[in-house]
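Trainee: sequence plus the predicted model coming up.
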Amino acid sequence: MSADFASSAAGSTSAPRLIIDRDALARNYARLVERAAPAQVAAVVKADAYGLGAAAIAPRLAREGCRAFFVATAEEGANLRAAIGHREAEIFVFNGYMPGDAALYPEHRLTAILNDPDQLELFAAEQTGPCAIHVDSGINRLGFSTAQVEALAARADLLERLDLRLVLSHLACADEPDHPMNREQLSRFTAAAGRLPATRLSLANTGGVLLGADYHLDMARPGIGLYGGSPFAEADHPFEPVVRVEAPVLQVRALEPGDAVGYGATYVADRQRSAATVALGYADGLPRAVGGSGYGRIAGRKAPVLGRISMDLTVLDVTGLEADAAPGSPAVFLGEDLDAIARAAGTIGYELLTRLGARFQRVYEGAA
């Protein structure tokens with residue numbers, strides 16, 4: 001076994017960096033606006049803007065003209081209001097009206113998305129602010145059933161007390177453009193919404209925007225497309241990368257035939273190779289499942305992962321890339337490879353983004 005290796009570069013840092021390009025974000029938003037026109041385009045910024053930092057992401061979207069945002073919880077909504085400041089911007093709360101959050105809605109001008117009759121009754125008794133109604137058109141997670149919509153439609157007295165701003169539903173199979181359920185859900189939703197007071201309608205997520213004009217209705221609410229990910233399982237998309245990870249090379253060593261790499265010795269060198277250990281692991285959000293099938297990039301060229309991902313470290317095959325893989329040099333992950341790395345891990349880009357770890361040095365490029 002060879003012990004030849006390069007030591008760490010003096011003066012470099014061992015912390016990986018998460019680099020977020022807000023100009024690319026703005027261009028993705030513009031593409032969605034163009035695709036969805038004349039529908040309004042809102043932005044889904046739940047889960048801290050898919051892990052990228054809502055306080056840094058949402059103000060740029062507001063500058064680009066976005067005037068409606070969606071979050072999961074009222075607490076997320078309160079934090080978002082503090083970040084964007086715009087009192088005229090709407091902030092919708094997906095998880096609905098919960099008693100413990102009652103004070104947050106008027107204080108931060110949040111719009112509760114009411115998901116069932118009990119939430120609606122409680123909201124109508126306690127609040128006078130804006131609200132939305134979620135109709136379940138087939139995904140069976142949250143929302144009023146068809147029977148509940150029919151019962152609500154007969155409650156004119158209750159509906160008159162609501163400041164209803166939006167009726168929405170959610171597509172279950174927008175990641176499969178040819179799936180028949182897309183058209184079925186559109187039909188179910190528009191029929192149910194037609195029984196409620198006239199207001200804006202919203203069905204399309206990123207995939208729904210790309211399905212075509214029939215799905216755009218009055219408001220689209222994309223998420224993953226804003227951040228450069230694909231809404232489809234296997235397809236090209238019009239969005240550019242927003243986030244990349246740069247992890248420094250810590251050490252480069254020569255492998256001889258028969259040398260094993262990493263826990264479990266799952267990789268054994270078949271010939272002489274150069275291996276670079278980089279400061280990135282599953283504690284940072286790079287899935288352990290990427291081991292053996294994923295890759296990073298060195299100077300723009302693919303460098304396959306060797307062996308298992310460790311908590312803090314990943315080993316890359318840099319054979320032929322030695323001149324660009326000295327200690328301190330950056331190995332790049334995600335970026336244009338976000339969806340490919342997600343597939344290698346058996347997951348989706350959404351999960352990779354939302355699991356990015358807290359110890360990254362976050363760097364925001366582009367105007368705030």
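Mentor: Alright, I've got the coordinates. Worth saying up front: this structure is predicted, and the values here are computed from it rather than measured. Residues are numbered from 1 along each chain as shown.
Trainee: next structured bit after the lowest-mean-pLDDT helix or strand in the chain?
Mentor: In the chain, no helix or strand scores lower on mean pLDDT, DSSP states H and E than strand 5-6, which sits at a mean of 46. Counting by DSSP states H and E, the next helix or strand C-terminal to strand 5-6 is strand 17-21.
Trainee: go through that following strand and flag the buried ones.
Mentor: Neighbour-count burial for strand 17-21 flags 18, 19, 20, 21 (criterion: 16 or more other C-beta atoms under 10 Å). All C-beta spots, glycine's among them, are computed from the backbone N, C-alpha and C.
Trainee: the second one contacts residue 247, correct?
Mentor: No: applying C-beta atoms under 8 Å as the test, residue 19 and residue 247 come out as separate, 11.2 Å apart.
Trainee: what's the closest of the buried residues of strand 17-21 to residue 131?
Mentor: Proximity of the buried residues of strand 17-21 to residue 131 (C-beta to C-beta) peaks at residue 20, which lies at 32.7 Å.
Trainee: quick one on the thing from earlier: tell me which of the buried residues of strand 17-21 is nearest to residue 259?
Mentor: Using C-beta to C-beta, residue 18 comes nearest to residue 259 of the buried residues of strand 17-21, at 31.9 Å.
Trainee: shouldn't that closest one be in contact with residue 365?
Mentor: No: judged on C-beta under 8 Å, residue 18 makes no contact with residue 365 at a distance of 11.2 Å.
Trainee: residue ranges with poor pLDDT in the stretch 101-250 of the chain?
Mentor: Applying pLDDT under 70 to the stretch 101-250 of the chain flags the ranges 234-235.
Trainee: how about the helices of it, start to end?
Mentor: Here the stretch 101-250 of the chain has its helices, by DSSP state H, counting those that start in this stretch, at 104-108, 117-126, 146-153, 156-160, 180-193, 206-211.
Trainee: residue 31 is nearest to which of the ones you listed?
Mentor: Residue 31 sits nearest to helix 206-211 of all the helices of the stretch 101-250 of the chain, at 9.3 Å, using C-beta to C-beta.
Trainee: what distance do you get for the closest residue to residue 355 other than its chain neighbours to residue 149?
Mentor: Nearest residue to residue 355, sequence neighbours excluded (C-beta to C-beta, 6 or more residues apart in numbering): residue 285, at 4.2 Å. Look at residue 285 and residue 149: by C-beta to C-beta, to the nearest Å, they are 40 Å apart.
Trainee: equivalent analysis for residue 16, please.
Mentor: Relative to residue 149, residue 16 is positioned 48 Å away (C-beta to C-beta).
Trainee: more neighbours: those two, which one.
Mentor: A direct count of neighbours by other C-beta atoms under 10 Å for residue 16 and residue 149 places residue 16 higher, at 26 against 22.
Trainee: wait, that one touches residue 286, no?
Mentor: No: contact criterion C-beta under 8 Å: residue 16 and residue 286 do not qualify, at 9.2 Å.
Trainee: report the set of residues contacting both of those two.
Mentor: Counting by C-beta atoms under 8 Å, 6 or more residues apart in numbering, the shared contacts of residue 16 and residue 286 are 245, 280.
Trainee: surely residue 171 meets residue 206?
Mentor: No: assessed by C-beta under 8 Å, residue 171 is found out of contact with residue 206, at 10.1 Å.
Trainee: between those two, who's got more neighbours?
Mentor: Neighbours were counted for residue 171 and for residue 206 using other C-beta under 10 Å; residue 206 has more, 27 against 24.
Trainee: ok, now which ones touch residue 322?
Mentor: The contact partners of residue 322, taken as C-beta under 8 Å, 6+ apart, are 252, 274.
Trainee: so it versus residue 277, what's the distance?
Mentor: Residue 322 is 14 Å from residue 277, where distance means C-beta to C-beta.
Trainee: so what sits against both of those two?
Mentor: The contact sets of residue 322 and residue 277 overlap at residue 252 (C-beta under 8 Å, 6+ apart).
Trainee: let me see the domain layout of the chain.
Mentor: Each domain of the chain is listed here as a residue range: 39-226, 243-365, per the TED database.
Trainee: what would the ones you listed look like in TSV with distance to residue 236?
Mentor: Listed next are the domains of the chain as TSV, based on distance: least, C-beta to C-beta, whole Å:
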stretch	distance to residue 236
domain 39-226	11
domain 243-365	10
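Trainee: to residue 32, which of those domains lies closest?
Mentor: The nearest among the domains of the chain, by C-beta to C-beta, is domain 39-226 at 5.2 Å.
Trainee: how long is the closest one end to end?
Mentor: Terminal residues of domain 39-226 lie 16 Å apart, using C-alpha to C-alpha, to the nearest Å.
Trainee: do stretch 302-314 as well
Mentor: 14 Å.
Trainee: measure residue 204 to residue 306 for me?
Mentor: On the measure of C-beta to C-beta, residue 204 and residue 306 end up 42 Å apart.
Trainee: so for those two, which residue has more residues nearby?
Mentor: Comparing residue 204 with residue 306 by other C-beta under 10 Å, the one with more neighbours is residue 204, at 31 against 24.
Trainee: what residues does that one make contact with?
Mentor: Residue 204 touches 36, 39, 171, 174, 211, 215, 216, 217, 220, 221, 222, counting by C-beta under 8 Å, 6+ apart.
Trainee: now tabulate the residues you listed in TSV and tack on distance to residue 142.
Mentor: Formatted as TSV, those follow (distance: C-beta to C-beta, whole Å):
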residue	distance to residue 142
36	23
39	22
171	14
174	17
211	21
215	19
216	22
217	19
220	19
221	15
222	19
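Trainee: residue 85: which of those is nearest?
Mentor: residue 221 (21.0 Å).
Trainee: how far away is that closest one from residue 311?
Mentor: From residue 221 to residue 311 the distance is 36 Å (C-beta to C-beta).
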